[in-house]
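Colleague: turn this into a model:
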Amino acid sequence: MQLNFKSFGTGEPLIILHGLFGSLDNWQTIARRMAEQAVQQYHRALAVYILDLRNHGRSPHSDEFTYPVMANDVREFAILQGLTKISLLGHSMGGKVAMQYAQMYPETLHKLIISDITPAAYNDRHADVFDAIAYALQQPVASRSEIAGRLRQKLSDEATVQFLLKNAERTPEGFRWRFNAHALKENYAHISGAIETVRTVNLPALFIKGESSDYINRENYPALAAMFPHHELTEIKNSGHWVHADQPDAFIEETLKFLFNSNTAG
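Modeller: Numbers count the residues shown, from 1 in each chain. A predicted model of the protein is given here:
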């Protein structure tokens, strides 16, 4: 599957993978700044690619929606772009795609940056979101503000409302969700499940935790440490699960420092 993408800069390739319900649009500012600051601060040329994973953004839709399938999409993208050795940065679901990629294609990887997720299974955290998504467009709506109002009837977190609203797209037939809501819901049990460990990944890996997020915790940390024995773990203050949105400066700093620090060279 050919994924929709944008790129910033030229040089060493870094591919960024968004989370569930996200898109490359959420990462454009971060990607642009990373490419610029790599040159300005580290005197290194960095090509940053941001992708729409399948069933998200402007990439094709499919009933198949598993981590191995998505990791293979990323591999196909790298081949089409002529990228022989890549670094991957993944947030939440995108982080699990990156970890699955490391299980399948470790020889093609340079470094991994995983934002606020582990390879472990998670309980259902999105039932209310799927309910809101279905409710918001259950009946025809005339405006984006009407969609927001309907989302707020189901969701109390305004940040989630605004995040979802970015995926509302006006068409000649009316508004629709840009993501494939049906496929995401049908495959949610797999997406919230664990990444199967078929090998220990002996690559440099940075895990970034949001201070107030519980996605990385005492119970699931052992799964992370077992799969990535050479990992680093850093916590960014005053941030939640969307670390890059809450503290973009610190997030970019930690990522570039890890990519270009000779002590973590792969």
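
Colleague: just the CA trace of stretch 27-44, in CSV.
Modeller: Taking C-alpha atoms only, stretch 27-44 is exported to CSV below (Å, rounded to 0.1, in the frame of the first residue of the first chain):
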residue,chain,number,x,y,z
TRP,A,27,3.3,16.3,13.1
GLN,A,28,4.1,18.9,10.4
THR,A,29,5.4,21.6,12.7
ILE,A,30,7.5,19.1,14.7
ALA,A,31,9.0,17.6,11.6
ARG,A,32,9.9,20.9,10.1
ARG,A,33,11.5,22.1,13.3
MET,A,34,13.5,18.8,13.6
ALA,A,35,14.9,19.1,10.1
GLU,A,36,15.9,22.8,10.7
GLN,A,37,17.3,22.3,14.2
ALA,A,38,19.3,19.3,13.2
VAL,A,39,21.3,21.5,10.9
GLN,A,40,21.4,24.6,13.2
GLN,A,41,22.3,22.8,16.4
TYR,A,42,24.0,19.6,15.4
HIS,A,43,25.3,20.5,11.9
ARG,A,44,23.7,17.3,10.6
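
Colleague: wasn't residue 114 part of a helix?
Modeller: No: counting by DSSP: H, G, I helix; E, B strand; the rest coil, residue 114 falls outside a helix, being strand.

Colleague: helices and strands around the host helix or strand of residue 129, which ones?
Modeller: Residue 129 belongs to helix 127-136 when elements are defined using DSSP states H and E. In terms of contacts (3 or more Cβ pairs under 8 Å, 6 or more residues apart in numbering; DSSP states H and E), helix 127-136 is packed against helix 144-154, helix 158-165, helix 181-186. (Each C-beta comes from the backbone N, C-alpha and C, glycine too.)

Colleague: need the contact partners of that helix.
Modeller: 21, 147, 150-151, 153-155, 160, 164, 168, 177, 181, 184-185, 188 (Cβ atoms under 8 Å, 6 or more residues apart in numbering).

Colleague: ranges for the helices of the stretch 151-266 of the chain?
Modeller: Assigned helices in the stretch 151-266 of the chain, in chain order: 158-165, 181-186, 188-191, 221-227, 243-246, 248-260 (criterion: DSSP state H, counting those that start in this stretch).

Colleague: out of those, which gets nearest to residue 12?
Modeller: helix 248-260 (7.7 Å; Cβ to Cβ).

Colleague: just the CA coordinates for that closest one, please, in PDB.
Modeller: Coordinates of each C-alpha in helix 248-260 appear next as PDB, following Å, rounded to 0.1, in the frame of the first residue of the first chain:
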ATOM      1  CA  PRO A 248       7.300  20.300  21.800                       C
ATOM      2  CA  ASP A 249      10.600  22.000  22.600                       C
ATOM      3  CA  ALA A 250      11.600  19.400  25.100                       C
ATOM      4  CA  PHE A 251      10.400  16.600  22.800                       C
ATOM      5  CA  ILE A 252      12.400  17.800  19.900                       C
ATOM      6  CA  GLU A 253      15.500  18.400  22.100                       C
ATOM      7  CA  GLU A 254      15.400  14.800  23.500                       C
ATOM      8  CA  THR A 255      14.800  13.300  20.100                       C
ATOM      9  CA  LEU A 256      17.600  15.100  18.300                       C
ATOM     10  CA  LYS A 257      20.000  14.600  21.200                       C
ATOM     11  CA  PHE A 258      19.400  10.800  21.000                       C
ATOM     12  CA  LEU A 259      19.700  10.700  17.200                       C
ATOM     13  CA  PHE A 260      23.000  12.500  17.100                       C
END
